[in-house]
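Engineer: Please find the sequence and the predicted model below.
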Amino acid sequence: MSLTSSFLNTTRQVFRSLYNNTARRYSSTSQGISSQKWDVTVVGAGHNGLVAAAYLARSGKKVLVLERRHLVGGAAVTEEIIPGFKFSRASYVLSLLRPRIIHELQLDKFGLRVYQRNTHSFTPMRDGRSLTLSSNVEETMREISKFSSRDAERYL
C-alpha cells in the first residue's frame, strides 16, 4: 500500500467512524442525496475536504461530501495514468499535514503510517541522464554537479 493510499483509507475510516458508519457512496443519479437533509456540504473530496468533513462530522454535523472524480483524495492520490505505471499526483502534501490533525482525528488508530523517504524526486532526461534529489545534501550536490558545478556549490 502506498503512503497516499494509507492516508486516504485512514481518512475514509475516520470519517465513517465519526459519522457513525453511515457514510455512503452515492452515484450522480442516486436519489439518496436529494432526499436527505444535510447540515453541511463539502464540495471536493480532496485531502483538505476530507479533513474538513471529518472535523465537521466529529462536531455532530450531518455532512455531504461531493466529488466529481471517480476517486477521492485530490492531490494525495496515487493512480495509474499510463497502464502499468502508477503516479503520485502530489503526495508530498502529506508531509504538510499538521501533526495536530493526525493526533486530533486519531489517524494512527485508523491505520495511518507515515514512512519517510530519502529520495525526494527523480527526473529522467531524454538524453539518458537523470537528476535525483534527496535528503542527503552531499548526494544532492553531486547530482546537481552533473549539470552545473556552480549550482551544486551554491546549493546550500
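Structural biologist: Arrived safely.
Engineer: At which residues are the strands of this structure located?
Structural biologist: 40-43, 63-66, 78-82, 85-88, 119-124, 130-134 (DSSP state E).
Engineer: Highest mean neighbour count out of those?
Structural biologist: Among the strands of the chain, the stretch with the highest mean neighbour count (mean count of other C-beta atoms under 10 Å) is strand 63-66, at a mean of 19. (Each C-beta comes from the backbone N, C-alpha and C, glycine too.)
Engineer: Parallel or antiparallel, which strands does it pair with?
Structural biologist: Note on strand 63-66: by DSSP bridges, its sheet partners are strand 40-43 (parallel).
Engineer: Now do the partner strand: distance to the chain's middle.
Structural biologist: Relative to the centre of its chain, strand 40-43 is centred 19 Å away, using C-alpha atoms, centre = their mean, to the nearest Å.
Engineer: Tabulate the strands of the chain in CSV, adding columns for distance to Leu96.
Structural biologist: Shown next, in CSV, are the strands of the chain (distance: least, C-beta to C-beta, whole Å):
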stretch, distance to Leu96
strand 40-43, 19
strand 63-66, 21
strand 78-82, 17
strand 85-88, 14
strand 119-124, 14
strand 130-134, 18
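Engineer: Looking at these, which is nearest to Glu104?
Structural biologist: strand 63-66 (16.5 Å; C-beta to C-beta).
Engineer: Give the rounded mean pLDDT of that closest one.
Structural biologist: For strand 63-66, the mean pLDDT works out to 92.
Engineer: what's the answer for stretch 125-141, then?
Structural biologist: Computed over stretch 125-141, the average pLDDT equals 93.
Engineer: before we move on, what about stretch 42-52?
Structural biologist: 91.
Engineer: got the CA coordinates for that stretch in PDB?
Structural biologist: Only the C-alpha atoms of stretch 42-52 are listed here, as PDB (Å, rounded to 0.1, in the frame of the first residue of the first chain):
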ATOM      1  CA  VAL A  42     -18.300  20.000   1.300                       C
ATOM      2  CA  VAL A  43     -17.500  20.400  -2.400                       C
ATOM      3  CA  GLY A  44     -14.400  18.500  -3.300                       C
ATOM      4  CA  ALA A  45     -13.200  15.300  -1.700                       C
ATOM      5  CA  GLY A  46      -9.500  16.100  -1.800                       C
ATOM      6  CA  HIS A  47      -7.400  15.600   1.300                       C
ATOM      7  CA  ASN A  48      -8.400  19.100   2.600                       C
ATOM      8  CA  GLY A  49     -12.100  18.500   2.000                       C
ATOM      9  CA  LEU A  50     -11.900  15.100   3.700                       C
ATOM     10  CA  VAL A  51     -10.200  16.600   6.800                       C
ATOM     11  CA  ALA A  52     -12.700  19.400   7.000                       C
END
